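Colleague: Using only what follows, build the 3D model:
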Amino acid sequence: MVALTVLAAGGGLALANLADRARGELAGSATVQIVDPDPQSRSQQADAAATLLVQDPAVAGLAIVPPESVADLLEPWLGTDDPEQAVPLPALIDLRLRDGADAATLDRLRSLLADAAPAARIDAQAQWLAPVLDALSALGWMAFGLIGLLAFTSAAAVWLAARNALGGNRDTIEIVHLLGGSDAQIARIFQRSILADAVIGGALGLVIGMAAVWLMGAQFAALDSGLVSSGGLQGSDWLVLALVPVGAVALAVLTARFTVLASLRKML
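Modeller: Predicted structure coming up:
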């Protein structure tokens, strides 16, 4: 259970980091598209738009995307032939805005370009990536929900183990009671037994879970994708994962104690 919990926690934290970083990077990003079938007109409008935008106080920086880069992006869909023969490629300008890509700023920039670049369209990058980011957040919450389910399952397993142990030692417990032993003393015996098993299982689960999380992170990092590689675990996240077996041991010991004490009260 500890290994699965570490794996689920690692996945949830990585997804949360990925969504947060992507939102932060895209918050001030926008893209200008010049959609015109005439290559000469498209180039002129792109230059005019860049000249106006670079002078605007809301624009922190811009970069005109080379046509070759646009063609490379479309190559998987249009093939290696000249893509201009298949469909007119838009001219793209990447914008970095100082105060974020809010609707008011985008509307003002659209009005600014209306005359010089009538074929220009401005879109916030976070807008068309919003469904992806929402899906990442949902997956993260599902991972944390899985942690809760695993915790409940672990507590139920300890409860069953404690009940079976009590049933198998019922005669011994009655003798201890006759000799003056208290319920708390008997509960401590079961706690120590559960504690030893939980510590060993937690340590093994931590090693297995950490190894699985590290291997998965290395595989995703090898994809060399900007969106995927921007995620990952920070130092504080690894510390949280290291505390998972501590929580598991505490849960097992407390569950065993409450189970034994409740059962002993019913036996008397």
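
Colleague: just the strands in the stretch 51-200 of the chain please.
Modeller: Secondary structure of the stretch 51-200 of the chain (DSSP state E, counting those that start in this stretch): strands at 59-65, 91-97, 120-124.

Colleague: So which of those strands is nearest A14?
Modeller: strand 120-124 (25.4 Å; Cβ to Cβ). All C-beta spots, glycine's among them, are computed from the backbone N, C-alpha and C.

Colleague: got the strands of the stretch 51-200 of the chain as a markdown table, with distance to Q33 and mean neighbour count columns?
Modeller: Below are the strands of the stretch 51-200 of the chain laid out as a markdown table (distance: least, Cβ to Cβ, whole Å; neighbours: other Cβ atoms under 10 Å):
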| stretch | distance to Q33 | mean neighbour count |
| --- | --- | --- |
| strand 59-65 | 10 | 15 |
| strand 91-97 | 6 | 20 |
| strand 120-124 | 5 | 19 |
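
Colleague: a markdown table for those strands, including mean pLDDT?
Modeller: As requested, these are exported to a markdown table (pLDDT from 0 to 100):
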| stretch | mean pLDDT |
| --- | --- |
| strand 59-65 | 87 |
| strand 91-97 | 88 |
| strand 120-124 | 85 |
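
Colleague: Could you export those strands as TSV, including distance to R163?
Modeller: TSV is the format used below for the strands of the stretch 51-200 of the chain (distance: least, Cβ to Cβ, whole Å):
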stretch	distance to R163
strand 59-65	64
strand 91-97	62
strand 120-124	58
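
Colleague: Nearest to S182 among those strands would be which one?
Modeller: Closest to S182 of the strands of the stretch 51-200 of the chain, according to Cβ to Cβ: strand 120-124, at 67.4 Å.

Colleague: what angle separates that closest one from strand 91-97?
Modeller: Compare the direction of strand 120-124 with that of strand 91-97 by axes from the mean of the first three to the mean of the last three Cα atoms, to 10 degrees and you get 40 degrees.

Colleague: What residues sit buried inside stretch 35-50?
Modeller: Residues D36, R42, Q44, Q45, A46, D47, A48, A49, A50 are the ones in stretch 35-50 that count as buried (16 or more other Cβ atoms under 10 Å).

Colleague: And stretch 192-209, by the same measure?
Modeller: For stretch 192-209, the neighbour count (16+ other Cβ under 10 Å) marks I194, L195, A198, V199, G201, G202, G205, L206, G209 as buried.
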